[in-house]
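Enquirer: have a look at this prediction, sequence included:
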Amino acid sequence: MEPREELLDVLRGEVADERVLEAVAAVPREAFVPAAARSAAYENRPLPIGEDQTISQPLVVARMCELLEIRPGDRVLDVGTGSGYHAAVLARLGARVTGIERHAALAEGARAALRAAGFADVEVRTGDGSRGLPDAAPFDAINVAAAGSERDLEALEAQLAPGGRLVAPIRTASGGQRLIVARRPAGGGPLTHERHERVRFVPLVREP
């Protein structure tokens, strides 16, 4: 069995959304990792991409996409774009994706990898992702690939459109992290929050 098929077998035990599985299968993860790590591209684990950052574990990418409930045409903000892999999976699901990455070298690498993999329509900006992109808001969905506190997400949550969803890892009182889903009701009212599985991400860094 090919490594990509082996990975999909693993994901099927945890991810029910067939659209997400098809998107993961269609995106060449090897295009988004350094050459030295390409032999491990379809292992279900994070891999280093430079700047003390990693490309997320495929299972976590798939679960976050599943929780975001992406619909074709959704306007999506990808915070902490890193290598561009997560943005590519979101785009494969039919989203119109704008990424933001604080490390200029990673942002440039993500742009090149996305172009090479056939996702030239994904825009990647360099900047402080914790502030979101107010000039491009509101977003139907926001994906956050770095862990902060619930308070750290307030600026991003404010940029959700009615019916919008945000998925992010947050730090817990015990020192761990969990994925949360924040939803803005389509008809108005306060956001709702759901807690999901434990995860491990790099910290969400806020610029001074």
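Expert: That came in fine, so what should we check first? Just so you know, these numbers come straight off a predicted model, no measurement behind them.

Enquirer: could I get the CA-only coordinates of the helix or strand residue 87 falls within as CSV?
Expert: For residue 87, the host element (DSSP states H and E) is helix 85-92. What follows is helix 85-92, C-alpha atoms only, in CSV (Å, rounded to 0.1, in the frame of the first residue of the first chain):
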residue,chain,number,x,y,z
TYR,A,85,-0.5,22.9,3.6
HIS,A,86,-3.6,23.6,5.7
ALA,A,87,-4.6,26.4,3.4
ALA,A,88,-4.3,24.1,0.4
VAL,A,89,-6.7,21.6,2.0
LEU,A,90,-9.1,24.3,2.8
ALA,A,91,-8.9,25.6,-0.8
ARG,A,92,-9.4,22.0,-2.1
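
Enquirer: which element follows it toward the C-terminus?
Expert: Downstream of helix 85-92, the first helix or strand assigned by DSSP H and E is strand 96-101.

Enquirer: what residues sit buried inside the helix or strand following that following strand?
Expert: Where DSSP H and E defines the elements, the next helix or strand beyond strand 96-101 is helix 104-116. Buried residues in helix 104-116, counted by 16 or more other C-beta atoms under 10 Å: 106-107, 109-111, 113-114. Where C-beta positions appear, they are placed from N, C-alpha and C, glycine not excepted.

Enquirer: with stretch 180-199 instead?
Expert: 180-184, 199.

Enquirer: of those, which pair is most distant in space?
Expert: By the measure C-beta to C-beta, 184 and 199 form the most distant pair in the buried residues of stretch 180-199, at 22.5 Å.

Enquirer: ranges for the helices of the chain?
Expert: Ranges of helices in the chain, per DSSP state H, are 3-12, 18-26, 58-68, 85-92, 104-116, 154-157.

Enquirer: for the nearest residue to residue 172 once chain neighbours are set aside, give its distance to residue 195.
Expert: With C-beta to C-beta, 6 or more residues apart in numbering as the criterion, residue 172 has its nearest non-adjacent residue at 5.8 Å, and that residue is residue 178. Separation of residue 178 from residue 195 (C-beta to C-beta, to the nearest Å): 5 Å.

Enquirer: and for residue 158?
Expert: Residue 158 sits 21 Å away from residue 195, going by C-beta to C-beta.

Enquirer: likewise residue 144?
Expert: For residue 144, the distance to residue 195 equals 15 Å [C-beta to C-beta].

Enquirer: again, but for residue 203
Expert: Going from residue 203 to residue 195 by C-beta to C-beta gives 19 Å.

Enquirer: what do you get for residue 53?
Expert: Counting by C-beta to C-beta - residue 53 and residue 195 are separated by 25 Å.

Enquirer: ditto for residue 139
Expert: Relative to residue 195, and taking C-beta to C-beta, residue 139 is found at 22 Å.

Enquirer: hang on, the earlier thing: what is the burial count for the residue nearest to residue 172?
Expert: 16 (other C-beta atoms under 10 Å).

Enquirer: next one: residue 140
Expert: Using other C-beta under 10 Å, residue 140 has 22 neighbouring residues.

Enquirer: what sits closest to it if chain neighbours are left out?
Expert: residue 74 (3.9 Å).
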